[in-house]
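J.: sequence and predicted structure below; questions after.
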Amino acid sequence: MTSEACSSHQCCCFSTPSGYRIWSGLLWVLLVGFSPGSLAQQGTQPQSIKIEGDITLGGLFPVHSRGPAGVPCGEIKREKGIHRLEAMLYALDQINSDPDLLPNITLGARILDTCSRDTYALEQSLTFVQALIQKDNSDVRCSNGEPPIIPKPERVVGVIGASGSSVSIMVANVLRLFSIPQISYASTAPELSDNSRYEFFSRVVPPDSYQAQAMVDIVKAMGWNYVSTLASEGNYGESGVDAFQQISREAGGLCIAQSIKIPREPRPGEFEKIIKRLMETSNARGVIIFANEDDIKRVLQAAKTANLTGHFLFVGSDSWGAKNSPIQDQEDVAEGAVTILPKRASIDGFDQYFTSRSLENNRRNIWFAEFWEDDFKCKLTRPGIKYELGRRKCTSEERISRDSQYEQEGKVQFVIDAVYAMAHALHSMHIDLCPGSMGVCEKMDPVEGRMLLQYIRSVNFNGSAGTGVMFNENGDAPGRYDIFQYQLSNVSNPGYKPEEMQWSGGDRKIPESVCSFPCESGERKKMVKGVPCCWHCELCDGYQYLLDEFSCDMCPFDMRPLINRTGCRPTPIIKLEWSSPWAIIPVFLAILGILATSGVIITFIRFNDTPIVRASGRELSYVLLTGIFLIYFITFLMIAEPSVAVCAFRRLLLGLGMCISYSAMLTKTNRIYRIFEQGKKSVTPPKFISPTSQLIITFILISVQVLGVFIWFGVMPPHTIIDYEEQKPPNPEFARGVLKCDMSDLSLILCLSYSIVLMITCTVYAIKSRGVPETFNEAKPIGFTMYTTCIVWLAFVPIFFGTAQSTEKMFIQTTTLTVSMSLSATVSLGMLYIPKVYVIIFHPEQNVQKRKRSFKAVVQAATVSTKSNDKQNGESKIEPDRSQ
């Protein structure tokens, strides 16, 4: 067996390699890829600060930066490393000198350097658990054969740190195995809030989920709904963006246009590609950035190179905060950037403490000499260290803040609060477990980690900045943030301002970062699939109105949309007005016709017994003139405002006037035709040619029309309707409801159809009677009347039905109908009665009784007329009858 010996007076404290069997095994189990001899390569004891005390706290600080490949540590970090480390030492001094906090108990410390690397920090943190590992010393013997006296390593009851979230996660996994509570002063990763995985982890800074919530609130307060995110690869950046995205999804109304990750080792041109990607969604001007200082600076530089100064509106996390280093030489690009920082304060007591530190009074900090050299840009003469040429020698007379630039690091307050939180927890634990005891009692030796954790989670005191320090059930501190904006408008004093926001040029109007702008009035949102903040605006066209922001609906049939299409309004009701040009012309013709008809009737009544009046068939003439009068009169009913009475009279008189006129003319032409046809066969007159018979026949024909109308009344009583379809053009502003009678185009034609049949029949008889001598009767004037009437009505049909699709259909059809009826009445009046009135009034000498002709004379005239027609047709040659 191999052993290391000590002097003969005392036993040695060294063990054989087998004495570290369990230690090496633990490293292997905890893994992280380290060999059992990894610590041995760096010496048996990691470089650390050791402060003696009754209770020892561990400390983890990034005293050095991450070293290049193969080297664990790089350059010293003055602010994040030394300032924070000294803050812990300052807090320990304050606590140990406080008679009310842990009286008669001294807090000691074991402080280690994490070198800003999680794997290295894990190796270092194993120092904290040495005292908890039972080593097998059975095979270790001194030279005299007695078992060795091995110094018991100090027992660390709690750890202050670490700084980076990735380091805290790695260390927390080890400390949890040994029930050692841990309080971080800077780790903000949301996953550390998982109490099931990191139950012994607490922190005096709020997690990034709180920070992400604050950033979501900022974005919403500015009215943005479409932003991109940028994250440095790693736990801080990725978890921060993940928390922002999750909270924004839960809150709703906020969409992520691009979510871009910045690689740990960016290739040349990587940041230019990032800017190009951000410009693919140029409407998303807001950029949420969780990145380290170097990445922030290079993003700003790439935006400036791409000539996009002023386009992007950055919202930065606490890694940007109120620092000037990320925006140095990129101030114009960073203008308007909104950043947040956990609410913090500068601790005056620490400033006094730290600025008074020197090489002589701060020998407990083993890295202070290295800090001194870096801070004052000088070189100390130390054994084994070669003096660097070209660098001045330190005099030890330098003073911090006087001979170097000094500004308290932002997390100093939280380091002090973390140490005080551990002290308050130990104080409460001591009161409960060791009442009245001076110093550490047996119940606190050793300190039970799980019990200490309960006391830590229960602390509630005013911290170094005067704000409350407490923890929730997950070990998280309350979220308190300061909001800053980088402003350049005040050229003499640019910088981060916590006051009212303003943008480029001092403009106080918040720039927009939205996917789609609000739709105009009357436009609905057509959502873009998968992107709830993006939409296309579509106008509710035609007769639609905006039902809600996503859909349009048709207005009721009797309404049209408002001008802004937010609702519907009643469609205006119109009718044919007397002042309308469509009414003036028909009314003018009707008045002339009525006056002329009245003149003829008065003339006939005045000269009722004169030969011309008697020869024209007084009875049927008065009937026919009555029909003509009604035809003119119907114009006024067609233009009058529709009502039940007006509609009833329209139905009755529309076809009745024509029916009366054409019934009388048909009876006349039929009588003439029968007389002359009968005269060709015999001298016996035909039946029903007396005036009474003619009137009876006429009224029978008229009764058919009247009967049909009354049947129509019974089947469908007359009423008015408002037709909203007739004047419903594509533009709803011109839509009108037309007040009209319930007479469709078909019912109107059916109403006139009987009169048309009478007219056609009369025309046929007029054609058949065309050979009758004009000295005998009115056959030829009736014939010309019917020919002209047919032409008028043939012209009426295409005009009437050809305007069925016109927006002014009712006006055109009403005018066409009334003018056509007035023209047909005028033709009848002009052809049949105007010549007679002319003779009666202006040539009364012709209005005398002529020789009465017997039926035999009529027969002879008919025979002569027939022979004459036959001769003209060349059918036969007939000798004149000389017997007369």
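T.: It's in. Residues are numbered from 1 along each chain as shown.
J.: what about the helices in the stretch 601-750 of the chain?
T.: Counting by DSSP state H, counting those that start in this stretch, the stretch 601-750 of the chain has helices at residues 611-615, 618-639, 644-681, 691-715, 745-768.
J.: can those helices go into TSV with extra columns for distance to V419 and mean pLDDT?
T.: Any C-beta I mention is one placed from the backbone N, CA and C, and that applies to glycine too. Below are those laid out as TSV (distance: least, CB to CB, whole Å; pLDDT from 0 to 100):
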stretch	distance to V419	mean pLDDT
helix 611-615	135	82
helix 618-639	101	90
helix 644-681	99	83
helix 691-715	103	89
helix 745-768	98	82
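J.: out of those, nearest to S458?
T.: helix 644-681 (89.9 Å; CB to CB).
J.: can you name every helix or strand that the closest one contacts?
T.: Contacts defined by 3 or more CB pairs under 8 Å, 6 or more residues apart in numbering; DSSP states H and E place helix 644-681 against helix 618-639, helix 691-715, strand 736-741, helix 745-768, helix 779-802, helix 809-832, helix 855-872.
J.: 10 Å instead?
T.: helix 618-639, helix 691-715, strand 720-727, strand 736-741, helix 745-768, helix 779-802, helix 809-832, helix 855-872 (3 or more CB pairs under 10 Å, 6 or more residues apart in numbering; DSSP states H and E).
J.: which one of those lies closest to K529?
T.: Going by CB to CB, the one of the helices and strands packed on helix 644-681 nearest K529 is strand 720-727, 37.5 Å.
J.: got the helices and strands packed on helix 644-681 as CSV, with mean neighbour count and distance to F414 columns?
T.: Putting the helices and strands packed on helix 644-681 into CSV (neighbours: other CB atoms under 10 Å; distance: least, CB to CB, whole Å) gives the following:
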stretch, mean neighbour count, distance to F414
helix 618-639, 22, 92
helix 691-715, 15, 95
strand 720-727, 16, 74
strand 736-741, 20, 75
helix 745-768, 18, 89
helix 779-802, 17, 90
helix 809-832, 22, 84
helix 855-872, 15, 131
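J.: now the ones you listed as TSV including distance to E265?
T.: Output for the helices and strands packed on helix 644-681, formatted as TSV (distance: least, CB to CB, whole Å):
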stretch	distance to E265
helix 618-639	91
helix 691-715	94
strand 720-727	73
strand 736-741	74
helix 745-768	84
helix 779-802	82
helix 809-832	79
helix 855-872	121
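J.: and of the ones you listed, who's closest to V129?
T.: strand 720-727 (87.9 Å).
J.: how about low-confidence regions in the stretch 401-550 of the chain?
T.: Along the stretch 401-550 of the chain, the parts satisfying pLDDT under 70 run over 489-493.
J.: show me the helices in it, by range?
T.: 412-433, 449-457.
J.: can you list the ones you listed in TSV and add mean neighbour count?
T.: Formatted as TSV, the helices of the stretch 401-550 of the chain follow (neighbours: other CB atoms under 10 Å):
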stretch	mean neighbour count
helix 412-433	24
helix 449-457	18
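J.: can you redo the helices of the stretch 601-750 of the chain as a markdown table with distance to D351?
T.: Putting the helices of the stretch 601-750 of the chain into a markdown table (distance: least, CB to CB, whole Å) gives the following:
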| stretch | distance to D351 |
| --- | --- |
| helix 611-615 | 134 |
| helix 618-639 | 100 |
| helix 644-681 | 100 |
| helix 691-715 | 106 |
| helix 745-768 | 99 |
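J.: now the helix or strand harbouring V839 - C-alpha only, PDB.
T.: For V839, the host element (DSSP states H and E) is helix 834-842. C-alpha atoms of helix 834-842 as PDB (Å, rounded to 0.1, in the frame of the first residue of the first chain):
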ATOM      1  CA  ILE A 834    -112.900  66.200 -86.100                       C
ATOM      2  CA  PRO A 835    -114.000  66.300 -89.800                       C
ATOM      3  CA  LYS A 836    -117.600  66.200 -88.800                       C
ATOM      4  CA  VAL A 837    -117.200  69.000 -86.300                       C
ATOM      5  CA  TYR A 838    -115.400  71.000 -88.900                       C
ATOM      6  CA  VAL A 839    -118.300  70.700 -91.300                       C
ATOM      7  CA  ILE A 840    -120.900  71.400 -88.600                       C
ATOM      8  CA  ILE A 841    -119.200  74.600 -87.400                       C
ATOM      9  CA  PHE A 842    -117.500  76.000 -90.500                       C
END
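J.: can you pull the buried residues of it?
T.: Buried residues in helix 834-842, defined by neighbour count with 16 or more other CB atoms under 10 Å: 836-837, 840.
J.: contact partners for the residue nearest to L341 when sequence neighbours are not counted?
T.: Leaving aside its chain neighbours, L341 sits nearest to G321 (4.2 Å; criterion: CB to CB, 6 or more residues apart in numbering). G321 makes contact with 293, 339-342, 344, 410, 482, 484, 496 under the criterion CB atoms under 10 Å, 6 or more residues apart in numbering.
J.: and the gap between R569 and F557?
T.: 13 Å (CB to CB, to the nearest Å).
J.: wait, I meant V241
T.: From V241 to F557 the distance is 54 Å (CB to CB).
J.: neighbour count for the two, which is higher?
T.: V241 (25 against 13; other CB atoms under 10 Å).
J.: for D98, what are its contacts?
T.: 420, 423, 427.
J.: and those residues, which is closest to D723?
T.: Y420 (87.0 Å).
J.: phi, psi for the residue lying closest to the closest one once chain neighbours are set aside please.
T.: Nearest non-adjacent residue to Y420, counting by CB to CB, 6+ apart: A91, 6.2 Å away. Phi and psi for A91, reported as degrees, to the nearest 10, are phi -60, psi -40.
J.: farthest-apart pair in the contacts of G321, please.
T.: E293 and D482, at 18.4 Å, using CB to CB across those.
J.: return the helix or strand in this protein with minimum mean pLDDT.
T.: The least trusted helix or strand in the chain, going by mean pLDDT, DSSP states H and E, turns out to be helix 38-41, with a mean of 36.
J.: now the following helix or strand past that helix: buried residues?
T.: Next in sequence after helix 38-41, counting helices and strands by DSSP H and E, comes strand 48-51. Burial within strand 48-51, assessed by neighbour count using 16+ other CB under 10 Å, is assigned to 49, 51.
J.: for strand 48-51, packing partners?
T.: Looks like strand 48-51 contacts strand 55-61, helix 84-96, strand 107-113 (3+ CB pairs under 10 Å, 6+ apart).
J.: parallel or antiparallel, list what pairs with that strand.
T.: strand 107-113 (antiparallel) (DSSP bridges).
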